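In: After the sequence you'll find the predicted model.
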Amino acid sequence: MSDTPHSIRLNGPWQAYFAADADPTRIQLPRDWSTIPAATRDADFKLMRAFHAPTGIAPGDEVVLVLDELPISGKVSLNGQELGVFSRSERFAITEHLALRHEIEIVGLSLDAGERAGEVRLEIFVR
């Protein structure tokens, strides 16, 4: 058993929707949010990213989705299933939700524009 996880960074590209009817903008994480329009800060916005399942997962291994120092409060979903709400940083166990392909959706309820965002990553704990 390992207490040190193997990390897979999900830096991008992300599709960012800064208004309900806006076309998506491709972004990378981490990023500086100071260029985000002020109107977006208190409105719903969405980040989406698709990725393939990590390989080599054995029975008993644990996979965790980590939101690390995002200047966002909101909710996160994986493949259309809400995992929960978060503010800045949170960890979600997703082992039971693993499939061949995934889509993360982060819907923000508030954004602290001007701050540098951390990252989103998977942490795999080998048991």
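Out: Perfect, thanks for sending it.
In: Surely residue 34 forms part of a strand?
Out: No. Read with DSSP: H, G, I helix; E, B strand; the rest coil, residue 34 is helix and lies in no strand.
In: got a pLDDT number for it?
Out: For residue 34, the pLDDT comes out at 75.
In: So what's the residue count around it?
Out: 9 (other CB atoms under 10 Å). The C-beta positions use only the backbone N, C-alpha and C, and glycine is treated the same way.
In: Parallel or antiparallel, list what pairs with the helix or strand containing residue 92.
Out: Using DSSP states H and E, residue 92 sits within strand 90-93. Looking at strand 90-93 with DSSP bridges, its partner strands are strand 62-68 (antiparallel).
In: buried sites along the helix or strand following the partner strand?
Out: Next along the chain after strand 62-68, taking DSSP H and E as the criterion, comes strand 72-78. By neighbour count with 16 or more other CB atoms under 10 Å, strand 72-78 contains the buried residues 72, 74, 76, 78.
In: Next one: the third one relative to residue 62, how far apart?
Out: Computed with CB to CB, to the nearest Å, the distance linking residue 76 and residue 62 is 18 Å.
In: between the longest strand seen in the chain and strand 72-78, how many degrees?
Out: The residue-count maximum for a strand in the chain (DSSP state E) belongs to strand 101-111. If you take axes from the mean of the first three to the mean of the last three CA atoms, to 10 degrees, strand 101-111 sits at 160 degrees to strand 72-78.
In: Average pLDDT for the helix or strand following strand 101-111, rounded please.
Out: Sequence order places strand 119-125 as the next helix or strand after strand 101-111, per DSSP H and E. On average, the pLDDT along strand 119-125 is 95.
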